[in-house]
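Undergrad: build me a model:
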Amino acid sequence: MANQNEKKLIVKKSWCKGCGICVEFCPKNVLALKHEKVEIVDMENCIKCGLCELRCPDYAIYLGGIEDEK
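TA: Numbers count the residues shown, from 1 in each chain. As a prediction, this is how the structure comes out:
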């Protein structure tokens, strides 16, 4: 299991319905809506707090480890 520092923010755009909840809850403005889909616009500012993951009703965004990308 990856620790918090090894986790990476992952967006499944095909699952995103563009509600913008994750964008509103992100404390570091890492996310934005573009063309009605969430995009990571400033990954360096991501503190991996997981609020986006917790608030997404469609499970389109999450913090995953390297194993999750396979």
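Undergrad: give me the most central residue, this protein.
TA: Ile61 (4.0 Å; CA atoms, centre = their mean).
Undergrad: now do the contacts for it.
TA: By CB atoms under 8 Å, 6 or more residues apart in numbering, the contact list for Ile61 reads 9-12, 16, 22, 31, 38, 52-53. Where C-beta positions appear, they are placed from N, C-alpha and C, glycine not excepted.
Undergrad: any idea how far it is from Cys26?
TA: Ile61 sits 10 Å away from Cys26 when distances are taken as CB to CB, to the nearest Å.
Undergrad: circling back: the contacts of Ile61 in helices, which ones?
TA: Using DSSP state H, the subset of the contacts of Ile61 located in helices is 22, 52-53.
Undergrad: now do the phi/psi pair for the residue nearest to the centre of the chain.
TA: Note on Ile61: its backbone torsions stand at phi -140, psi 140 [degrees, to the nearest 10].
Undergrad: distance of it relative to Lys34?
TA: Distance from Ile61 to Lys34, by CB to CB: 14 Å.
Undergrad: for Met43, the count of nearby residues, please.
TA: 10 (other CB atoms under 10 Å).
Undergrad: I should have written Glu44 there, sorry.
TA: 6.
Undergrad: can you classify it as helix, strand or coil?
TA: helix (DSSP: H, G, I helix; E, B strand; the rest coil).
Undergrad: next one: phi and psi at the closest residue to Cys49 other than its chain neighbours?
TA: Using CB to CB, 6 or more residues apart in numbering and skipping residues adjacent in sequence, the residue nearest Cys49 is Pro27, 6.6 Å away. Main-chain torsions, Pro27, degrees, to the nearest 10: phi -80, psi -10.
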